[in-house]
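Q: need a structure here:
(chains A and B)
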Amino acid sequence: MKDINWPTSSDMLVSFDTNEDAGVYRISQEKAIVQTIDFITPVVNDPYIYGQIAAANSLSDIFAMGAKALTVLNLVAYDNCNITKEMLNQILRGGLSKVAEADAVILGGHTIEDVEMKFGMAVTGIIHPDKIIRNNTAEPDDSLILTKPLGMGVITTSIKADLAPQSAIDKAIFHMSYLNKTASEIAVENQVHAMTDVTGFGLLGHCSEMLKENIEIELEYDSIPIIEEAFELAEMGLFPAGSINNRKYYSQNVEVQKEGLDLDQQTLLYDAQTSGGLLIAVSKAKADRLIEQLHHAGLDWSRIIGKVKSSEKSRIVIK
Amino acid sequence: MKVIDAKGLACPQPVILTFQQIKKEDEDFDVLVDDEASRENVIRLLKKYEKRFSLEKSGKETIFHIKK
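A: Residues are numbered from 1 along each chain as shown, chains lettered A, B, ... in the order given. Below you'll find the model as predicted:
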């Protein structure tokens, strides 16, 4: 769509010329609105939990910018052949529970009929124009922190195949429905340099977006949290197509130096996540304190997974 | 011989159909897929269950010949 002349304005602070999580538009010297939209097909069988996950996933882009969520519009594509009115009610209630937890409000929404159920939200947030946290502003010597484990793509695909053990379902539900709000607030307090949420492009796709000239990212494979059950499900061929496509697209930026890392273990680093964690670049001096605060707030899975280094090669190294 | 045509099906459908036939253990069978992700995933499944198989690739299409 490069041949289209999109209307522009000097108040457009973040728009879709960069691969950011949400758009940002300045409305005064002190205030900018942050806007995002996302919707997903069912990832779990329980309608209430599906609603919670779809909401957490939609709200996450606001938190990934370091903003506060204000208002929500529901988006519903209703499959009335397979989803009863009661189930739809549960989906909406699940969504509402997460919007309330985010201290935001639902102003309305829109429903159409569709052959496949979809639910999501258009979310508006607010931020000071000078406090926007972008995804490509990491600095040399930063530490990289991830706040949720990987493996959600493999596990949700296994759920569709009816091959997921209950322990895997429980863990994936716990993490996918967990709001990134607290992690974002702690990151903002600690003046982190860059932040994004790990979603469809997988960890290495979103790390690629953090790359820029003169820096490289070094990840410590053994420090990256991955839901244990995901390894066996990956071996059974239960990767979503998106995870394999991510590897094909982004592996040109990646150099695997760790010995013995097989293709499945590598592909898990590209696994397409739904409502994944925040990927945070913060100065090394603040990293330990940030992790301590995340753990104290109940985000036990948060780990320092690597670092940012000065380098002429703009690449990701796995050690 | 049984042929499972999984062309045009999204993950995890080709893996599910192959897995169901593996569990039956009644005859040799072929599986047809037509995208890279399905091909990779079916190979993973067959290796995990230690199945003997060969594959033919022509263009986007892959035919797996699988021993029961």
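Q: residues in chain B within reach of chain A, list them.
A: For chain B, the residues in contact with chain A (C-beta under 8 Å from any C-beta of the partner chain) are B:10-12, B:15-16, B:19, B:35-38, B:40-45, B:47-48. Yep, even glycine has a C-beta here, placed from its N, CA and C like the rest.
Q: redo that, cut-off 6 Å
A: If contact is defined as C-beta under 6 Å from any C-beta of the partner chain, the residues of chain B in contact with chain A are B:11-12, B:15-16, B:37, B:40-41, B:44-45, B:48.
Q: Which pair of those spans the longest distance?
A: B:Ala37 and B:Lys48 (16.5 Å; C-beta to C-beta).
Q: Could you check which of the two is surrounded by more residues?
A: When neighbours are counted by other C-beta atoms under 10 Å in any protein chain shown, B:Ala37 comes out ahead of the other of B:Ala37 and B:Lys48, with 22 against 16.
Q: how far away is the residue of the stretch 1-150 of chain A found nearest chain B from B:Ala10?
A: With C-beta to the nearest C-beta as the measure, A:Thr41 is the residue of the stretch 1-150 of chain A nearest to chain B, at 11.0 Å. Distance from A:Thr41 to B:Ala10, counting by C-beta to C-beta, to the nearest Å: 11 Å.
Q: Neighbour count: these two, which is higher?
A: Counting neighbours by other C-beta under 10 Å for A:Thr41 and for B:Ala10 shows that A:Thr41 has the greater number, 17 against 14.
Q: Quick check: the more buried one vs A:Tyr50, distance?
A: Computed as C-beta to C-beta, the A:Thr41 to A:Tyr50 distance reads 9 Å.
Q: Can you show me the helices along chain A?
A: Secondary structure of chain A (DSSP state H): helices at A:47-64, A:85-101, A:152-160, A:166-176, A:181-189, A:202-210, A:229-235, A:241-250, A:263-268, A:284-296.
Q: Format those as JSON lines; extra columns: mean pLDDT, distance to chain B and mean neighbour count.
A: Written out in JSON lines, the entries for the helices of chain A read as follows (pLDDT from 0 to 100; distance: least, C-beta to the nearest C-beta, whole Å; neighbours: other C-beta atoms under 10 Å in any protein chain shown):
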{"stretch": "helix A:47-64", "mean pLDDT": "98", "distance to chain B": "18", "mean neighbour count": "27"}
{"stretch": "helix A:85-101", "mean pLDDT": "98", "distance to chain B": "22", "mean neighbour count": "18"}
{"stretch": "helix A:152-160", "mean pLDDT": "97", "distance to chain B": "5", "mean neighbour count": "27"}
{"stretch": "helix A:166-176", "mean pLDDT": "98", "distance to chain B": "14", "mean neighbour count": "19"}
{"stretch": "helix A:181-189", "mean pLDDT": "98", "distance to chain B": "30", "mean neighbour count": "21"}
{"stretch": "helix A:202-210", "mean pLDDT": "96", "distance to chain B": "13", "mean neighbour count": "24"}
{"stretch": "helix A:229-235", "mean pLDDT": "98", "distance to chain B": "5", "mean neighbour count": "21"}
{"stretch": "helix A:241-250", "mean pLDDT": "97", "distance to chain B": "4", "mean neighbour count": "21"}
{"stretch": "helix A:263-268", "mean pLDDT": "97", "distance to chain B": "7", "mean neighbour count": "20"}
{"stretch": "helix A:284-296", "mean pLDDT": "98", "distance to chain B": "33", "mean neighbour count": "16"}
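Q: can you pull the pLDDT of the spatially most distant residue from the centre of chain B?
A: The C-alpha centroid of chain B is most remote from B:Gly59, which lies 16.5 Å away (C-alpha atoms, centre = their mean). At B:Gly59, the model reports a pLDDT of 88.
Q: give me phi/psi at B:Glu61?
A: Recorded main-chain torsions at B:Glu61 are phi -90, psi 140, according to degrees, to the nearest 10.
Q: what residues are up against the residue lying closest to it once chain neighbours are set aside?
A: Among residues not flanking B:Glu61 along the chain, B:Asp34 sits closest, at 4.9 Å (C-beta to C-beta, 6 or more residues apart in numbering or on different chains). With contacts defined as C-beta atoms under 6 Å, 6 or more residues apart in numbering or on different chains, the neighbours of B:Asp34 are B:7, B:60-61.
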